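Asks: Prediction below, plus the sequence it came from.
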Amino acid sequence: MTRPGYLALLLALAGPLHAQVNDFCGDVTPVPLAVGGSVQFTGDNTGATVDGDFAPGSTLGGLGIPSTWHAFTVTTCADITVDYCGTAPAFTEFWNVLATTCPASNAYIATQQYEYVTCGDGNPTMRFLNVPPATYYFPVWYDAAGASGPYTINVSAAACGSSVAPNDNCADALPEVLSPGAQLSFTGDNTFATSTGDFAAGTPFAAAPVVWHAFTLTECTRVTVAYCGQSPAWGNTLGVLTRDCPGSDLVYFSTVNTSACGDGNSSYTFNSLAAGTYYIPVLLSPGTNAIGAYELTVSGEACPPPTSFQDNCASVQYQPLAVGGSITFEGDNSSATGAGDFPEGSPFNGAPVVWHGISTATCTRLTIAYCGQDPVWGNTFGFLARDCPASDLVFFTNTNSTDCVEGNVTYIYANLPAGDYLIPVVRDPGNNAIGPYTIQVSAASCPAVPPANDACTNATPVVLDALATLTFTGDNTNATSGGDFVPGSPFAAAPVTWHAFTTEQCADLLVDYCGLAPAWTNTLGILATACPGDGLVYFTTTTSTCTDGNSTYLFNDLQPGTYYLPVLRDALNGSFGPYSIAVTAEDCLFLGDAEPAAFEGLVLWPNPAADEVNLTGVPVGAQLRILDAAGRIVLEQRVIQSGKQRISTAGRLAPGSYTLLVQAAAGQRAFRLVLNR
């Protein structure tokens, strides 16, 4: 059904010329249509009227379209095809329904598909699938501008379910080997393609009706998929391959053009496809001529030999690196420059480097080794870049100079996500890092086993004596958040590993992350008194005693008991991988009461508080500072007179946990402050 408003207006102006014998659906005699057979209707709709054709109030009748009629009867379930092939001039307007009553009511069957390609002369073809046995009335649309005069209509029937496209399911596509320099030709017909089982749910093509072909590569190959020869040109095709079935692991085209074929059809090129099997989806899109018989040409070219090195990262060609594989890069950085490699403001801007590139398709544990350099290179860059100029950097998880027997460096990147990565090779003559080199790059699957202390129940408490230090070491690369904190905790989703210690007397505790390189920029300044994490104790203050950018937390006046220390994994902030954390305890009397008389009678009230808090007994001249959970000063004021000190928090501080520091010439006292509303 098309353009009813426009056609109705034309009809009202023109009016019927004369009536036909099949102007009323009740005047036609249904003809039998057997499965496997066909019937042909001819007629002339020039004088068609709307009288008696449609039941009052019906949807079809409300359109006011004059029609003539034909009818047929099927006695078994059938797939019905109706076309106007041979009608001249071609009918551009048509009904795409089968009516089940006369006059036609709302009990009709709409076509599942219509297109203008199959006939080859501009006429439409309609398909009605799984039509139950019954008598059906087919209306012929009258439109003086695009559907009038003599016509021929062909109706054919096939058994229900027989109208299935070959290779409609990707599992039915048998892969053919494609070698560099070779070409494959795939033919098929996507007329009855469906979307069932083609793409995984959630992919952008999950509802696309397609048929499939497949090819297998045995080495890195540049593949071109061309639709040349489709006439008229197919206006909609998918420039995507999938490495699995149903399709979820998608590979998008590198380049596309509509000129290579010479007829307006599309040609897609996929650069540097790794060895493996790939599935090609052929889209059904009747509205853009992408329907019917087709031929695909799939050709392969050997991947260009990778350039050993590039002075500018923009010129690098990425080499695919599969899990279990390795690549040996050779180069010479003697003439390396720093032009265009890093953006302004980068700490590496101006560094003279050459580059190599790799592409990974899955999570990878990547190892880069400089083994064999003689003399040993004393300076190398332990990071990868995800862009050019290099600003999005990924730093190594750990490093060593023992894997290479001669002392050269090895870098390991654990849990590296799939993607393209640039490897910089720095020139530094002062540290022997200059001249020809060889680096080995290998990929292993990402480790998936969480560490033993992923759960606090596996953290065995160690006694921490006063004036003693414990050093906790571990690796939180695969830490999970399951069962770490009690439900409802603000840290319930935090992936952490755990350590535990027991104090037998009141202690002031210092927890420092000093020495982690690169610095961990996100850590948790809390302890738990129960497992799973509950009864949380927040740090009294955070300091910058680490000179390398790592954090130090102070916990004042910890009462005797067992405490659990969570170590947060936050890869986006560099907080993951091997670590060493020092925990030092000093007697409460040693740190906390160095100047007990200075704060005699110091009281904070109320606590918890709502809109204000009060202090009594605070020395004149003292500085009052409130710190948030990240150790930042969020409010401060100075005591200028004796007596009660009022600190207003209304509209200035959000509800939460804070630290109030009272700093005077004689010393410092800290209070844990809770604000609520």
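Replies: Sure thing, it's come through.
Asks: pretty sure residue 446 is in contact with residue 417, am I right?
Replies: No: in this structure, residue 446 is not within contact of residue 417 by Cβ atoms under 8 Å, at 9.1 Å. (Each C-beta comes from the backbone N, C-alpha and C, glycine too.)
Asks: So for the two, which residues contact both of them?
Replies: residue 363 (Cβ atoms under 8 Å, 6 or more residues apart in numbering).
Asks: Among those two, which residue is more densely surrounded?
Replies: Comparing residue 446 with residue 417 by other Cβ atoms under 10 Å, the one with more neighbours is residue 446, at 17 against 13.
Asks: residues contacting the closest residue to that one other than its chain neighbours?
Replies: With Cβ to Cβ, 6 or more residues apart in numbering as the criterion, residue 446 has its nearest non-adjacent residue at 4.0 Å, and that residue is residue 363. Applying Cβ under 8 Å, 6+ apart to residue 363 gives the contacts 415, 416, 417, 418, 445, 446.
Asks: which one of these is nearest residue 27?
Replies: Of all the contacts of residue 363, residue 27 sits closest to residue 418, with 67.5 Å by Cβ to Cβ.
Asks: Which of the three states applies to residue 163?
Replies: Secondary structure, DSSP: H, G, I helix; E, B strand; the rest coil: residue 163 is coil.
Asks: and the residue nearest to it when sequence neighbours are not counted, what does it touch?
Replies: Using Cβ to Cβ, 6+ apart and skipping the chain neighbours, the partner closest in space to residue 163 is residue 79 (4.2 Å). Counting by Cβ under 8 Å, 6+ apart, residue 79 touches 127, 128, 129, 130, 131, 157, 158, 159, 160, 161, 162, 163.
Asks: Quick one: the helices in the stretch 501-650 of the chain, in order.
Replies: For the stretch 501-650 of the chain, the helices defined by DSSP state H, counting those that start in this stretch cover 588-592.
Asks: quick one, what contacts residue 24?
Replies: Residues near residue 24 by Cβ under 8 Å, 6+ apart: 51, 52, 53, 69.
Asks: Residue 169 now?
Replies: Residues near residue 169 by Cβ under 8 Å, 6+ apart: 196, 197, 198, 212.
Asks: State the three-state secondary structure for the second one.
Replies: Of the three states, residue 197 takes coil according to three-state DSSP.
Asks: how many other residues sit next to it?
Replies: Applying other Cβ under 10 Å, we find 13 residues neighbouring residue 197.
Asks: Would you quantify the distance from residue 390 to residue 349?
Replies: 10 Å (Cβ to Cβ, to the nearest Å).
Asks: Give me the subset of the contacts of residue 363 that lies in strands.
Replies: Among the contacts of residue 363, DSSP state E puts 415, 416, 445 in strands.
Asks: roughly how far apart are the last one and residue 432?
Replies: Residue 445 sits 34 Å away from residue 432 when distances are taken as Cβ to Cβ.
Asks: Could you pull up the contacting residues of the closest residue to residue 88 other than its chain neighbours?
Replies: Spatial nearest neighbour of residue 88, excluding adjacent residues (Cβ to Cβ, 6+ apart): residue 121 at 7.4 Å. Counting by Cβ under 8 Å, 6+ apart, residue 121 touches 85, 86, 87, 88, 90.
Asks: Now do the SS call for residue 121.
Replies: When classified by three-state DSSP, residue 121 comes out as coil.
Asks: okay, the nearest residue in space to residue 575 that is not next to it in sequence: pLDDT?
Replies: Nearest residue to residue 575 in three dimensions, chain neighbours excluded: residue 520, at 4.1 Å (Cβ to Cβ, 6+ apart). Note for residue 520: predicted pLDDT of 90.
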